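Undergrad: Provided below for reference: sequence and predicted model.
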Amino acid sequence: SDVLQFATKAHEGQKRKYTGEDYIVHPISVADLVQRHGGSEIQQAGALLHDVVEDTPVTFRDIKSHFGTDIAELVHYCTNVSEKEDGNRTFRKKMDADHFALGPPASQTIKIADLLSNSDTIIPHDQKFFHKAYKHEKQYMLNILTKADPILLDRAQTMLSEHWEE
């Protein structure tokens, strides 16, 4: 699709931490999860593009002009708003999660699919980070993204709980 081509080009040359695979593998896995949980074409497009504004030179204006306001809005509510200057990591992660929580069910579902996809690499590859920061940050997110798909929310909660004490 146009969206997949756009996202692939935007993330060109970027690699996944831990696995070294092409970055686009991650947005594709998020879009796939969203699709399997009944996500619309617009929601799947938002999933494919969820990291482009954060991680590439692409702007919201670019997304809006190529794909329309609805998709741009989903990407907006999946994009971190905090800046390094805003404070420590804990505070910034809360700021970002509070922003995600303002989004519609469609964007909240993308964020939970994103969490599940990221956890698939973080849990096996970086237990130290998982226990020190990640699990607490994601638990905060799960607690406030209440409009996300309930099945995905439940899956994410189970996944965090199962690995909490390891």
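TA: Sure, I can see it.

Undergrad: how about residue 107, what does it touch?
TA: 46, 73-74, 76-78, 100 (CB atoms under 8 Å, 6 or more residues apart in numbering). For every residue, glycine as well, the C-beta is placed using N, CA and C.

Undergrad: In which helix or strand does it reside?
TA: Element membership for residue 107, per DSSP states H and E: helix 105-125.

Undergrad: Just the terminal-to-terminal distance for stretch 7-25.
TA: 11 Å (CA to CA, to the nearest Å).

Undergrad: Which residues does that stretch contact?
TA: With CB under 8 Å, 6+ apart as the criterion, stretch 7-25 contacts 26-27, 48-49, 51-52, 55-58, 121-122, 125-126.

Undergrad: And for stretch 92-101?
TA: The contact list for stretch 92-101 (CB under 8 Å, 6+ apart) reads 77-78, 80-84, 86, 107-108, 111, 133, 137, 140-141, 144-146.

Undergrad: Swap in 6 Å and give it another go.
TA: Here stretch 92-101 makes contact (CB atoms under 6 Å, 6 or more residues apart in numbering) with 80-82, 86, 111, 137, 140-141, 144-145.

Undergrad: Check the residues you listed and tell me the two furthest apart.
TA: 86 and 145 (20.4 Å; CB to CB).

Undergrad: neighbour count winner among the two?
TA: Legend: neighbour count by other CB atoms under 10 Å for residue 86 and residue 145, higher for residue 145 (23 against 11).

Undergrad: mind listing what that one touches?
TA: Counting by CB under 6 Å, 6+ apart, residue 145 has contacts 101, 108, 111.

Undergrad: ok, now with 10 Å
TA: Contact analysis of residue 145 by CB atoms under 10 Å, 6 or more residues apart in numbering lists 97, 100-101, 103, 105, 107-109, 111-112, 115, 152-153, 156.

Undergrad: could you check the distance from the residue lying closest to it once chain neighbours are set aside over to residue 88?
TA: Nearest-residue entry for residue 145: residue 108, 4.4 Å, with adjacent residues in sequence omitted and distances by CB to CB, 6 or more residues apart in numbering. Using CB to CB, to the nearest Å, residue 108 is found at 25 Å from residue 88.

Undergrad: Pick out whichever of these two has more residues nearby.
TA: In terms of neighbours (other CB under 10 Å), residue 108 is the more surrounded of residue 108 and residue 88; the figures are 25 against 8.

Undergrad: any idea which residue sits dead centre in the protein?
TA: Centroid-nearest residue in the chain, with CA atoms, centre = their mean: residue 114, separated by 3.6 Å.

Undergrad: Alright, that wraps it up for me.
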